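>>> Here is a sequence together with a model predicted from it:
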Amino acid sequence: MGVLAVVNGTDAVVASVQASPEQDRTWGPDLLGVDAIEPGGARAWSVPPGRWHLRVELASGRVLDDLAPHEVLAGQRTVVVVEER
C-alpha cells in the first residue's frame with residue numbers, strides 16, 4: 001500500500017474528497033465521511049499503488065477536479081496540495 005495525502009491549500013473548508021484509479025471512469029466514495037479538512041489542514045489514506053485522480057468539493061459547493069493523475073508508490077507518501085485557481 002501507499003499513502004495519498006491531501007493538504008487544504010485553500011481559504012475554504014474541504015467538505016468532500018473522492019479518489020479514483022486512473023483507469024476508472026467513476027469517482028469512489030467520499031473519503032472524508034462526516035469529517036472535513038479545515039484551511040491548512042491535511043488528511044491521508046492508505047491506497048493501493050497506482051495513478052489516482054482526485055475530486056475535491058469545498059463547503060461552498062465548488063468542485064475542484066484534478067485531472068492530472070498522482071502517482072502513489074508502495075511504501076511511499078504522495079502529498080497533493082489542493083488550491084483554487
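Nice, I can see it. Numbers count the residues shown, from 1 in each chain.
>>> Only C-alpha atoms from now on, for both contacts and neighbour counts.
OK.
>>> so what's R51 bridging to?
Beta-bridge pairing of R51 under DSSP bridges involves E71.
>>> and it, how many neighbours?
Close neighbours of R51, defined as other C-alpha atoms under 10 Å, add up to 15.
>>> go on, G9?
18.
>>> Equivalent analysis for the one 3 residues further on, please.
By other C-alpha under 10 Å, 18 other residues sit near A12.
>>> likewise L58?
The number of residues packed near L58 is 20, by other C-alpha under 10 Å.
>>> Surely it touches V14?
Yes - between L58 and V14 there is a contact under C-alpha atoms under 8 Å: 4.4 Å.
>>> Show me what the least confident helix or strand in the chain by mean pLDDT is packed against.
Lowest mean confidence among the helices and strands of the chain (mean pLDDT, DSSP states H and E): strand 63-72, at a mean of 87. In terms of contact count using 3 or more C-alpha pairs under 8 Å, 6 or more residues apart in numbering; DSSP states H and E, strand 63-72 is assigned the packing partners strand 2-8, strand 50-58, strand 77-82.
>>> any chance of those in JSON lines, plus mean pLDDT and distance to L64?
Formatted as JSON lines, these follow (pLDDT from 0 to 100; distance: least, C-alpha to C-alpha, whole Å):
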{"stretch": "strand 2-8", "mean pLDDT": "97", "distance to L64": "12"}
{"stretch": "strand 50-58", "mean pLDDT": "96", "distance to L64": "5"}
{"stretch": "strand 77-82", "mean pLDDT": "96", "distance to L64": "8"}
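>>> For the closest residue to V81 other than its chain neighbours, give me its contacts.
Nearest non-adjacent residue to V81, counting by C-alpha to C-alpha, 6 or more residues apart in numbering: V7, 4.6 Å away. Counting by C-alpha atoms under 8 Å, 6 or more residues apart in numbering, V7 touches 40-43, 79-82.
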